[in-house]
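> Could you look at this predicted model? Sequence included:
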Amino acid sequence: MSCAPILIVAALTLPLAGCGEGTAPGIVPGKASQAPAEAAYLAPPTVRAVRAQGQALRLSGAAPAGSRVRLATPAGDAVFAAADPKGAWSLTLPASAEARIYGLSAASGPQTIQGEGYLLITSQGEAVLLRAGAGALRIRPRGANGLDAVDFDREGGAVVSGRAPAGAALSVHIDGRQTADGRADSGGRYAIALTQPLPPGPHQVDVFGDATEDAVTIEATSAAALANGPFRATQVGSGLRVDWMTPGGGAQSTLLLK
């Protein structure tokens with residue numbers, strides 16, 4: 001997994017350590033073309049919504065105006081969409097009984113702009129952004145507040161992420177002990193890194209804050225080797241566990257909580 005520090009709400013940083021397993025997924029593209037220094041900044045493409053349409057899923061998002069959006073699997077299969085003059089794009093994927101993972105990018109003139117992280121589409125049609133060294137971002141979670149995900153690596157680095165009232169001060173407790181503090185951003189999202197390693201085994205995770213109190217029991221066992229591809233999705237008691245390979249070649253585990 002990437003050894004770069006992660007940027008956390010309220011400027012907290014903590015690396016999810018652990019590097020050097022195998023080869024990064026094939027969806028990690030090569031180095032993007034270098035644009036002239038005077039070229040304007042282009043925001044990376046994003047997915048904003050996924051909707052079921054019969055036996056298909058309709059993805060929509062934003063990208064640089066007029067760019068060509070590419071969604072690619074680890075095997076290199078790709079689908080494309082054209083962003084309109086306002087930067088909106090959409091494309092259709094067939095529904096699947098299996099979870100899938102993609103890389104998202106957009107080509108605009110000489111530039112190729114990579115999307116953040118990897119896009120996971122679950123078997124239920126939910127879209128989740130998997131972010132190396134950071135908390136998973138569920139694209140359209142249910143409810144105003146909630147504990148969405150716990151990310152951890154083999155070294156015990158961990159991030160708790162979810163939704164709370166905008167600007168809410170939050171405290172994370174592991175097994176009854178306070179281990180980290182943070183704050184929800186202006187959009188009501190938070191990603192809080194634990195200040196101490198999360199040992200393997202079962203743990204009680206509680207998030208307390210303004211008008212917020214969420215709790216879940218998780219199993220933080222280390223990921224087994226990814227022998228059959230760049231990710232593995234398994235149903236567990238707390239929800240969906242996704243073990244996946246980061247661009248740096250390490251393994252990160254994401255628990256998408258019920």
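The structure has been received and is ready for your questions.
> Run a quick neighbour tally on Thr91.
One correction, residue 91 is Leu, not Thr. Leu91 has 16 neighbouring residues, counting by other Cβ atoms under 10 Å. (C-beta placed from N, C-alpha, C; glycine too.)
> sorry, that was for Gly248
That count, for Gly248 with other Cβ under 10 Å as the rule, works out to 18.
> Kindly provide the distance from it to Leu194.
Gly248 sits 20 Å away from Leu194, going by Cβ to Cβ, to the nearest Å.
> Now do the phi/psi pair for the residue nearest to the spatial centre of the chain.
Computing the C-alpha centroid of the chain and ranking residues by Cα atoms, centre = their mean puts Leu130 first, at 2.1 Å. Backbone torsions for Leu130, taken as degrees, to the nearest 10, come to phi -90, psi 120.
> in the sheet, who's paired with it?
Tyr118 (DSSP bridges).
> Which pLDDT value goes with it?
pLDDT, the model's per-residue confidence, is 98 for Leu130.
> Domain boundaries for this protein, per the record?
Per automatic domain parsing, the structural domains of the chain span 9-22+132-257, 46-130.
> Just give me how far the longest one sits from the chain centre.
Per Cα atoms, centre = their mean, to the nearest Å, the displacement of domain 9-22+132-257 from the mean C-alpha position of its chain is 10 Å.
> Repeat that for the shortest one.
Relative to the chain's own centre, domain 46-130 is displaced by 14 Å; criterion: Cα atoms, centre = their mean.
> Also stretch 118-135?
5 Å.
> end to end, how far does it reach?
12 Å (Cα to Cα, to the nearest Å).
> neighbours around Ala225, how many?
10.
> ah, wrong one, I meant Ala40
Neighbours of Ala40 using other Cβ under 10 Å come to 7.
> which SS state does it fall under?
Secondary structure assignment for Ala40 (DSSP: H, G, I helix; E, B strand; the rest coil): coil.
> and it, how far is that from Ala63?
Taking Cβ to Cβ, one finds Ala40 at 14 Å from Ala63.
> With Ile139 instead?
Ile139 sits 15 Å away from Ala63, going by Cβ to Cβ.
> The two: which has the busier surroundings?
When Ile139 and Ala63 are compared on other Cβ under 10 Å, the one with more neighbours turns out to be Ala63, at 29 against 18.
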